[in-house]
Every structure is written in C-alpha cells, then in structure tokens.
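Q: the following comprises the amino acid sequence and a computationally predicted model.
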Amino acid sequence: MTSPSPGIGTVAPGFERVAAAFDDAVAQSSPGGAALHVRVDGCPVIDRWGGTARGGRPWTGESLAVLFSCSKGVLAVLAGTLVRDGLLDLDEKACHYWPEFGAAGKDGLTVRDLLAHRAGLPVLRAELRRSDVVDWSRMTRLLAAETPLFPPGATHQYHALTLGWIVGEVLVRASGRSIGELLADRITRPLEIPLFFGAPAGVLPTVAESVVLDDYWTDTPPNSGASDLERLADRALTLGHGLPRRFADPGEGFNDPVVQHAAIPGAGAIGTARALATMWSATVCDGERIRLLSDEVVAELCRPVSEGPPAVPAPGPWHRWGAGFMLSSERRPMLSASSFGHDGLGGQLAFADPASRVGFAFISNGLRLADDDRSRVVVQALREAVLDGAASPSTLQHHTPTR
C-alpha cells in the first residue's frame, strides 16, 4: 500500500502552519481523504485537499461529502435567515407554525427550545425502517404525535437525527417551501455554492464514500445490561432499524444513494468544504456575494440556551448551544470564545468567527469516532496564525496564494 499524498491546493502567506497541520490530517484520514477551506473577510486563504474520495479517485477541490452533524449548522443558518426577514420568531411557540406538533404535551415548546435540543425527542419509540427515514411527511407526522421522553423545554439532550425534521418542519411551515427549496433559495443560489438537503440524482455518483477508520461502532445493539446512555445513543443514531449501526459500510447508511437523495437535515447535508466555509463566512462579513445574517441576528442565535450536564448523565466537558449554533467550548474549541458553528460525526467541523471574520470548514470521509484530534490541531494552528497577524487587512490585501 502506498502512503497517502500530502494535501494539495493553495495557502496564503502566514497560513503555512495551518496547511501543514491539515496535511497531517490528510495522512490520518487514509484510506479516505479530507478538505480544508478557510476564508477571511470573504477571501480564501486556504483551499486544500488530499487523499481519496471514492472508488480510488483522488479528492479534489470540488469533492462533495456527507457533512453529518455539520448539517445542523446549515439548518441553524437557514433558520436565522427567516428570523432576519421576520418570518420566524425564536420565542414563539413551535405549534404556532406547526399546529400538529402541539400534541402530547409539546404545546409549550418554543422554536428556540427546538433549536437547542430541548424538545425531549432525541429518539422515537417506534421501530423505524429506511423507508420511514427517507420520507419527510412520515417522519414529521410521527414526531408531531410523539410524547417527549423528558419534560419538554426543561432540560437538553442531543437530538442527533430528529432535530433535522423537527426544526426543518417549522421552517417549512413558516416559509411555505420545502427544506431543499428553502436552502437553495436563501443560501446556495445566492452564494453560488454546492450544498444540498437531498442531493440531486446527478451528483450522487460523485459524493465521497465515507469509511470508518476505527472499531468504535459495532454490528451488535446494546444488551440489556447497557446503560441508559448507551441505549439512547444507539437509538438516536439508528432510529431503531431506520439506519444501520454500520452506517458507513459500502452502499449502506449514509453511503446509500437513497439516503443521500433524501432530505435529512439533522445529519445528511451534502456539500464541499468550500461551500460550507463560504456559508459561514457570509454570516459574519460583507465580503461574500451576500450577507446572510445581521450582527443582531447572530447575537440572538448565539445566546446560550443549553449547556452543562444533559438529561442522560454523561461525563463532561459538554457541548454548548445557542439557538441551533454550537458555541465554542472546552468540549469543542473553535477559533475564539465568540466562534459559532457545528461539528460533525467523524471529525468534521465548520464555524464562523466574528472577531476575525473567518469562515472555516474541515470535512473528511475518513471518519474517526474516538480520539480524533484532526480538526482540533488544525484550528489550533489557525488560532496561532491569526494571533500572529496573518488575518490582518494589510497581510491579506495583496496576497498571492501558493501551491
């Protein structure tokens, strides 16, 4: 077996150490690959990739990948655009927009609660099949009728998959558009980026094939002696039989074209690193084709809502959330304390930093489910570069990216 090649692409002066950290991440992603895109004030300062995307084909700057829970960040930005335009009120009851959702004691939940993992619906009690998971109407009907597992609004518990349909249906009702149409209308067409909730059939053969690089996930469901957390985590990621436990085997789970073609905004968005970083850049600076969110909307979405121990006890440190945005924390450090974005299963991370006007995305199809420091090391190198002044206007004004 040949050793993986280092990353290729461009890097602006002052960001060389970030590119070097990424090259190490590419080596750790074999037999898969990875991509890194970083923008400052709307200007690309790193556009780099390496490794293998699919069927032995090398990763390129246009390679698409499943973004896993980075998808939730896309959904939160989409919600923010509706807040910006007065179509969505974060403190309005969710059932104001989606009346059926008020059933089974959920009538007091606000939109902000749903975005911050406080709906009490991280799993469904029904044993689902793939045909359910890829059916938007079926999933939203089931979630509307479901009784919460925890007191709604009183505590938080990560909604690994269900958040996508719960929040997504509120956005659909508020806008009158399907979730895929809404993303295209408000983000991808204005910014001219490839980013999808439900990838078109024509691009499916080009999506990078995900591969798990460790043995963290098994074929065997938790036994009767497993902890509540283990059983809940299993169902939150599989929805019974809706997705296989080996979710990245060839042609299975999120490698299944049927799943990739469906709108699963909690974990199934598909896009490039360039697209993801450009979207986040457009939330904090005016250098992109459009500005997606005002400073006021960003501040509102970043107001902490869920932090500390979750409903099902788990060892800390814990994630922190605003209204959909994952906030920088000890568990998931981003560029600075003011950064916001979302990470994704297997080591992916994307965020914006208002202080430095940075949009960042690291994506990989080589998924590490435990002890993964790839994005953390890249972010640390970026932090050092920014502190050294690499992101200053004088440094960037006339930079010529190098190969």
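A: Alright, I've got the coordinates.
Q: residues contacting the residue lying closest to Ser329 once chain neighbours are set aside?
A: Once flanking residues are discounted, Ser329 sits nearest to Arg320: 4.5 Å by Cβ to Cβ, 6 or more residues apart in numbering. (Glycine included, C-beta is placed from N, CA and C.) Taking Cβ atoms under 8 Å, 6 or more residues apart in numbering, we find Arg320 in contact with Pro304, Ser306, Glu307, Met326, Leu327, Ser328, Ser329, Arg331.
Q: show me which of these are buried.
A: Ser306, Glu307, Met326, Leu327, Ser328, Ser329 (16 or more other Cβ atoms under 10 Å).
Q: mind listing which of these are in strands?
A: Met326, Leu327 (DSSP state E).
Q: please convert the buried ones among the contacts of Arg320 to JSON lines, extending it with pLDDT and distance to Pro265.
A: Shown next, in JSON lines, are those (pLDDT from 0 to 100; distance: Cβ to Cβ, whole Å):
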{"residue": "Ser306", "pLDDT": "98", "distance to Pro265": "19"}
{"residue": "Glu307", "pLDDT": "97", "distance to Pro265": "23"}
{"residue": "Met326", "pLDDT": "98", "distance to Pro265": "15"}
{"residue": "Leu327", "pLDDT": "98", "distance to Pro265": "20"}
{"residue": "Ser328", "pLDDT": "97", "distance to Pro265": "23"}
{"residue": "Ser329", "pLDDT": "97", "distance to Pro265": "23"}
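Q: isn't Pro310 right next to Gln157, touching?
A: Yes - applying Cβ atoms under 8 Å, one finds Pro310 in contact with Gln157, separated by 5.0 Å.
Q: tell me which of the two has more neighbours.
A: Gln157 (23 against 20; other Cβ atoms under 10 Å).
Q: give me the secondary structure label for Ala361.
A: strand (DSSP: H, G, I helix; E, B strand; the rest coil).
Q: an error on my part: the question was meant for Ala65.
A: Three-state assignment for Ala65 (three-state DSSP): strand.
Q: residues near the residue nearest to it when sequence neighbours are not counted, how many?
A: Among residues not flanking Ala65 along the chain, Ala208 sits closest, at 4.3 Å (Cβ to Cβ, 6+ apart). Residues near Ala208, counting by other Cβ under 10 Å, number 27.
Q: angles on the backbone of Ala208, please.
A: phi -60, psi 140 (degrees, to the nearest 10).
Q: how about it, what does it touch?
A: By Cβ under 8 Å, 6+ apart, the contact list for Ala208 reads Gly32, Gly33, Ala53, Arg54, Trp59, Ser63, Leu64, Ala65, Val66, Asn365.
Q: quick one: strands adjacent to the longest strand along the chain?
A: The residue-count maximum for a strand in the chain (DSSP E) belongs to strand 43-54. Sheet pairing of strand 43-54 (DSSP bridges) gives strand 8-11 (antiparallel), strand 33-40 (antiparallel), strand 57-58 (antiparallel).
Q: for Ile179, find the nearest of these.
A: strand 33-40 (24.1 Å; Cβ to Cβ).
Q: buried residues, stretch 298-316. List them.
A: Result for stretch 298-316 [16+ other Cβ under 10 Å]: buried residues Val298, Glu300, Leu301, Cys302, Val305, Ser306, Glu307, Pro310, Ala311, Val312.
Q: low-confidence ranges in this protein?
A: Counting by pLDDT under 70, the ranges of the chain that qualify are 1-6, 216-230, 392-403.
Q: skipping adjacent residues, who's closest to Ser63 in space?
A: Ala53 (4.5 Å).
Q: ok, now which ones touch that neighbour?
A: Contacts of Ala53 (Cβ under 8 Å, 6+ apart): Gly32, Gly33, Trp59, Thr60, Ser63, Ala65, Ala208, Glu209, Asn365.
Q: next, the fifth one: phi, psi?
A: Yep, that's Ser63 we're talking about. The phi/psi pair for Ser63 (degrees, to the nearest 10) is phi -70, psi 130.
Q: help me confirm that it comes into contact with Thr206.
A: Yes - at 7.5 Å, Ser63 and Thr206 qualify as touching, with contact defined as Cβ under 8 Å.
Q: who has more neighbours out of these two?
A: Neighbour count, other Cβ under 10 Å: between Ser63 and Thr206, Ser63 has more, with 24 against 16.
Q: from Pro44, how far out is the more buried one?
A: Ser63 is 16 Å from Pro44, where distance means Cβ to Cβ, to the nearest Å.
Q: do the same with Leu301
A: 25 Å.
Q: Val170 now?
A: For Val170 relative to Pro44 (Cβ to Cβ), the value is 34 Å.
Q: do you know how far Ile179 is from Arg235?
A: 23 Å.
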